[in-house]
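Visitor: turn this into a model:
(chains A and B)
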Amino acid sequence: MTDSAEQGGETPARRRGRTGLLFALLPVAAFVVIGVFLFRGLSLDPSEIYSVLIDKPAPAFDLAPLPGKEHGLATGDLTQPVQLVNVFASWCVACRVEHPLLMELKRNGTVPIYGLNYKDQPQAALNWLRNFGDPYDRIGSDLNGRVGIDFGVYGVPETFIVNGEGVIVRKITGPITPQILQKELLPLIAEMQK
Amino acid sequence: MAPELGQYALVLAILVAAVQAIVPQIGAYRRDAAWMGVAPVAARAQFLLVLFAFGCLMTSFIASDFSVVNVFENSHSLKPLIYKISGVWGNHEGSLLLWILILTLFGAAVAQFGQNLPPTLQARVLSVQAMIGVGFLAFILFTSNPFARLDPAPFEGAGLNPLLQDPALAIHPPFLYLGYVGLSVAFSFAVAALIEGRVDPAWARWVRPWTLAAWCCLTAGIALGSYWAYYELGWGGWWFWDPVENASFMPWLAATALLHSSIVVEKRDALKSWTVLLAILAFSLSLLGTFLVRSGVLNSVHAFASDPARGVFILAFLVFVVGGSLTLYAIRAPSLKGGGLFRPISREGTLVLNNLLLSTACFTVLLGTLYPLFLDAVAEEKVSVGPPYFNAVFVPLMTPLIAALAIGPMLAWKRGDLAGVLGRLKVVAALAVLVGLGMAWYAWNVMPLAVLGFALVAWLALGVFREWAERVRLFRWDIVDSWRRATGLPRASYGMSMAHLGVALTVFGITASEAWQEEKQVIMRPGDVQTVSDFELTFVGAERLPGPNYSALAGTFAVTRDGQPVTILQPEARTFTNPPMETTEAAIRTTLAGDLYTVVGEGDGQGGYAVRLYYKPMVIWIWLGTLAMMIGGMISLSDRRHRIGAPARKPAETADTDRDSGALAAAGAGD
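Guide: Purely as a prediction, here's the structure:
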């Protein structure tokens, strides 16, 4: 039980020193890697996320309606020339932000909006819709988020623009803002409805 | 007027901080007492200036001065006074100001209580502390000014997120920040020690109380946050592995590891370079947490202030602080001389095991938190990592940790006798196995993991008592002698037992509440009765009630058990007007045996209401356990050894005395 590390002689001590340096460099190297990713993360715009589902048919699904509502939502319902599939939940604060815009779209009859009620309690969702208004023509209740996974939902709200063949044309992650609505969404819808 | 004065004070503070960062550092290098002497004065001045600025912001909030943007956006004249005050830190700019206030508070505390430190060390610690201060002050002044004016001033404020109008949440951020920022002291000590090129037991003894204090606050902050989530979000869950929760959990894991490894430095002069690294990492993780929350890099329900410009600034700061300190570490650490050697089976050995497991746990949380970001950057794919991952990883990591927790404190330093210790723990082990078998018979079909959980709880809790009994020689000599020994044990020893017992209690609460939770979601009409656990809940009815800045739907349940009235529960669903938002106020009957948890929802239009009823056995023990951990930390903090002017025992004294030499060994085994 020696108390000194120096007793091993010169060579092992130097060897120890070299491995010591290597180990000492490890944390800073790890941090550099993390830092690069953090920087990359900063420059990733959440609204321009590439979805693997773009230009592919929407995943097959068949969801029950919310209790008391007439229509559920299934792949077969995506038959309009253009329609929005909006992923929402009553617990989602950002959904409140885009909600007035959806109501406006509904009022103007611009485009059918289908709701995918994601990982929500049906009663809470119904309350939410009663209190703030219901912009949806159909709502599917995705209780356990299974369909959300197929759609690649990672955050709520998300909006998929689906064409007449049931193919996802575009995806908006995060709340629809007036800017996105005016500059991207409305022109796209108008073009698709032609 | 107040906002301008506050702004002015912040500008002065950043100048003082800059002086404090540079002058004492040079002074320490030149061994110039006058230049070093600048540090404590500047630290106090900086604190007073930031305190003044904070007071100015608070004045604006209390006076509902809506000409200040921050007040307009986050307050409302109808809000109760306490939430006007808590509104100060309920937003990005204000919370940053609170962060800086606490940072400078710790700086001033080091100036005040660190007078027995070697002057060069104190000067360097305060200098490093001031560098962090400069960074944060610049951040607030250039990107997040809390005092910006609005012209013309609106008549009414835009309110505060009603979810945040809650007593627990009002005090949650200050505690969390005390924890986060408290770790900056350990960080500053580590960097100062690297600059000095010397880490010794005395250094560890100086760092320890700061780490302990920060750890206690962090524990309290996390526990408060989790309790808030439990009763406010209305789902009965208490931990969601949300990025923001993880951001506070990672520094906690690192700080816990640091607390334990610094003992080894203090007692045995070993693990020095690792301990310094942990001190750097603990604070770095706090900063990383700030970055993740404030930059909007990760999606989170809490990300209430995401702004890329701020993100760039924090990242640059992060690179400077973390990158700089880790580079310094890479340069200096190899030259730190290793101290006492020890066998794998020894007190140090178990503390190393503790550190390995805790840092692995910390790393897995980091990985789980950043994985979505990695994947997004590499594969442009967005995913979220949820509870299944963390639960799957945490159980196998915490199991050996808890198993070793009962053994570690009983092992001798340097060279332990595992067989001997296990021999002394055989009754404890037998009882733990018995508990496990009992649970296997009782609960196997409910949750097999509960068997393991309860066996571990029994093992750890009994092990803590066994270790205490060992220390005081309970049942070995006469009771008088045991009493004398019990009162003679250092407080740090009781602190340790208390904290370890807290771990057992928390695991107990988690296991029991997960295994036997009952849940019902039904529509109830007035007069309907539902049975949950052995309670009968009669729904009396629901009515609309006006609140100060909301209207509430209040439901009433009469609770009986075996026909005897137990209590009346009145959950509410509140609708806030400004901003429009719904919150649930669960009504909870909390007892040590379990919580009856009720939530009322909107009516179905036909006289029925959607209600959720839960019974969560033993759930309160989760927080009682964290409370015990925190109290343990405070008891340990009050130990004589940490008080100012207490004669420092020479580390050599404890190094080689073995268990057998009675009281001294007990004292040495204090942690």
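Visitor: how close does the closest residue to B:Ala214 other than its chain neighbours sit to B:Leu370?
Guide: Using Cβ to Cβ, 6 or more residues apart in numbering or on different chains and skipping the chain neighbours, the partner closest in space to B:Ala214 is B:Gly182 (2.6 Å). The C-beta positions use only the backbone N, C-alpha and C, and glycine is treated the same way. Counting by Cβ to Cβ, to the nearest Å, the gap from B:Gly182 to B:Leu370 is 24 Å.
Visitor: which one's more surrounded, the two?
Guide: Neighbour count, other Cβ atoms under 10 Å in any protein chain shown: between B:Gly182 and B:Leu370, B:Gly182 has more, with 29 against 22.
Visitor: after the one helix or strand the more buried one maps to, which helix or strand is next?
Guide: Using DSSP states H and E, B:Gly182 maps to helix B:167-196. Downstream of helix B:167-196, the next assigned helix or strand under DSSP H and E is helix B:201-232.
Visitor: what packs against the following helix or strand past that next one?
Guide: Scanning forward in sequence from helix B:201-232 by DSSP H and E, the next helix or strand is helix B:243-268. Counting contacts by 3 or more Cβ pairs under 8 Å, 6 or more residues apart in numbering or on different chains; DSSP states H and E, helix B:243-268 packs against helix B:167-196, helix B:201-232, helix B:272-295, helix B:347-379, helix B:651-656.
Visitor: let's see 6 Å
Guide: With contacts taken as 3 or more Cβ pairs under 6 Å, 6 or more residues apart in numbering or on different chains; DSSP states H and E, helix B:243-268 sits against helix B:201-232, helix B:272-295, helix B:347-379.
Visitor: lowest-pLDDT helix or strand in chain A?
Guide: helix A:10-43 (a mean of 74; mean pLDDT, DSSP states H and E).
Visitor: which other helices and strands does the helix or strand just after that helix contact?
Guide: Downstream of helix A:10-43, the next assigned helix or strand under DSSP H and E is strand A:62-63. In terms of contacts (3+ Cβ pairs under 6 Å, 6+ apart), strand A:62-63 is packed against strand A:138-142.
Visitor: and the residue nearest the centre of chain B, what pLDDT?
Guide: Geometric centre of chain B, nearest residue: B:Leu218, 2.5 Å, by Cα atoms, centre = their mean. Predicted confidence (pLDDT) for B:Leu218: 94.
Visitor: just to revisit the earlier point, test my guess that the residue nearest to B:Ala214 contacts B:Cys216.
Guide: No - if you go by Cβ atoms under 6 Å, B:Gly182 and B:Cys216 don't touch, sitting 8.7 Å apart.
Visitor: where does chain A have low pLDDT?
Guide: Residues of chain A meeting the criterion pLDDT under 70: A:1-20, A:43-52, A:154-155.
Visitor: let me know the secondary structure of B:Asp78.
Guide: Careful, residue B:78 is Leu and not Asp. Following DSSP: H, G, I helix; E, B strand; the rest coil, B:Leu78 is assigned to coil.
Visitor: thought it was touching B:Tyr550?
Guide: No - with contact defined as Cβ under 6 Å, B:Leu78 does not reach B:Tyr550; the gap is 9.6 Å.
Visitor: surely B:Phe576 forms part of a helix?
Guide: No - using three-state DSSP, the assignment for B:Phe576 is strand, not a helix.
Visitor: for chain A, see how far away it is.
Guide: 11 Å (Cβ to the nearest Cβ, to the nearest Å).
Visitor: beta partners for that residue?
Guide: B:Tyr550, B:Met581 (DSSP bridges).
Visitor: number of nearby residues for it?
Guide: With other Cβ under 10 Å as criterion, B:Phe576 counts 21.
Visitor: how near is it to B:Tyr550?
Guide: Taking Cβ to Cβ, one finds B:Phe576 at 4 Å from B:Tyr550.
Visitor: the nearest residue to A:Val32 once chain neighbours are set aside in helix, strand or coil?
Guide: Leaving aside its sequence neighbours, A:Val32 sits nearest to B:Gly323 (Cβ to Cβ, 6+ apart; 7.3 Å). In the three-state summary, B:Gly323 is assigned as helix, counting by three-state DSSP.
Visitor: count of neighbours near B:Gly323?
Guide: Residues lying near B:Gly323 (other Cβ under 10 Å) number 15.
Visitor: ok, now B:Trp35?
Guide: B:Trp35: 18 surrounding residues under other Cβ under 10 Å.
Visitor: now swap in the one 5 residues further on and tell me
Guide: Taking other Cβ under 10 Å as the neighbour definition, B:Pro40 ends up with a count of 22.
Visitor: do A:Phe23 as well
Guide: Neighbourhood size, A:Phe23 [other Cβ under 10 Å]: 15.
Visitor: next: B:Glu518.
Guide: 16.
Visitor: which residue packs closest to B:Gly555, ignoring adjacent ones?
Guide: Setting aside the residues directly before and after it, B:Gly555 is nearest to B:Val600 in space (Cβ to Cβ, 6+ apart), at 3.3 Å.
Visitor: separation between that neighbour and B:Val529?
Guide: 16 Å.
Visitor: got it, and B:Phe454?
Guide: Distance from B:Phe454 to B:Val529, by Cβ to Cβ: 33 Å.
Visitor: the two: which has the busier surroundings?
Guide: Per other Cβ under 10 Å, whichever of B:Phe454 and B:Val529 has more neighbours is B:Phe454, with 23 against 12.
Visitor: report the contact partners of that one.
Guide: For B:Phe454, the contact set (Cβ atoms under 6 Å, 6 or more residues apart in numbering or on different chains) comprises B:Val435, B:Met439.
Visitor: assign B:Gln122 to helix, strand or coil.
Guide: Three-state call for B:Gln122 (three-state DSSP): helix.
Visitor: which ones are touching A:Pro127?
Guide: Heads up, residue A:127 is Asn, not Pro. Applying Cβ under 6 Å, 6+ apart, the residues near A:Asn127 are B:Glu602.
Visitor: flag every buried residue along the helix or strand harbouring it.
Guide: Assigned by DSSP H and E, A:Asn127 belongs to helix A:122-132. For helix A:122-132, burial by neighbour count (16 or more other Cβ atoms under 10 Å in any protein chain shown) applies to A:Pro122, A:Gln123, A:Ala124, A:Ala125, A:Leu126, A:Asn127, A:Trp128, A:Leu129, A:Phe132.
Visitor: is it true that the third one touches A:Ser90?
Guide: Yep, that's A:Ala124 we're talking about. Yes - counting by Cβ under 6 Å, A:Ser90 is a contact partner of A:Ala124 at 4.2 Å.
Visitor: burial count for B:Leu81?
Guide: Neighbours of B:Leu81 using other Cβ under 10 Å come to 9.
Visitor: what sits closest to it if chain neighbours are left out?
Guide: That would be B:Ile62: by Cβ to Cβ, 6+ apart, it lies 7.1 Å from B:Leu81.
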